[in-house]
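Undergrad: here are the coordinates; sequence isn't available:
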């Protein structure tokens, strides 16, 4: 998971070896809240704005942020399942639809702020702050340089082997947009 991976990254930033880390499986955000409050573990990493209502009300205590050294979310498929038909449907249908939806969400201003407030229980100032920070990749294109840098960090953290190469992820996959 992202929080698991970020724990390795945080350890690396502080000079700890990834072998020194131990994890408790909490399954979901509710499990994380219950586990840290119940003493099952000391801390967890989760997305800032998702946790904000709980540190605003005192349920949790926020102690800082760990900026990700890579794009926060990626669209990933099992290459063994990607047929030419599926690749075409994704490239010609899904990606353009997602791109349009993301642009619309960002451009709808007040409507998007209201939706964030309703659906995620954020205060107006937090909804505006989140909306101001979020960025979507235009056309779902990812830089090969960015991907290589992310894999180097993951390798340094011990999450992937040093021999792992991002080029193996997309050489013949028409769904991947990399420049």
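TA: Okay, I see it. Since this is a predicted model, take the numbers as computed values, not measurements.
Undergrad: show me where the chain has its helices.
TA: Counting by DSSP state H, residue ranges of the helices within the chain are 2-13, 29-38, 48-56, 84-89, 95-107, 110-120, 124-133, 144-156.
Undergrad: pull the distance from stretch 61-75 to the chain's centre.
TA: Put simply, stretch 61-75 sits 7 Å off its chain's centre (CA atoms, centre = their mean, to the nearest Å).
Undergrad: roughly how far does the residue nearest in space to the middle of the chain sit from residue 43?
TA: What sits nearest the mean C-alpha location of the chain, by CA atoms, centre = their mean, is residue 72, with 3.3 Å. Residue 72 is 20 Å from residue 43, where distance means CB to CB, to the nearest Å. For the C-beta atoms, the positions are set from N, CA and C on the backbone; glycine is no exception.
Undergrad: and for residue 3?
TA: With distances taken as CB to CB, residue 3 is found 10 Å from residue 43.
Undergrad: now residue 108
TA: Distance of residue 108 to residue 43, given as CB to CB: 36 Å.
Undergrad: sketch out the low-pLDDT regions of this protein for me.
TA: In the predicted model, the chain carries pLDDT under 70 at residues 1, 73-74, 76, 138-141, 168-179.
Undergrad: out of residue 3 and residue 43, which sits in the busier spot?
TA: With neighbours defined as other CB atoms under 10 Å, residue 3 and residue 43 compare such that residue 3 has more, 15 against 12.
Undergrad: picking up where we left off before, right, and the helices of the chain - which one's nearest residue 68?
TA: Closest of the helices of the chain to residue 68 is helix 2-13, at 7.0 Å (criterion: CB to CB).
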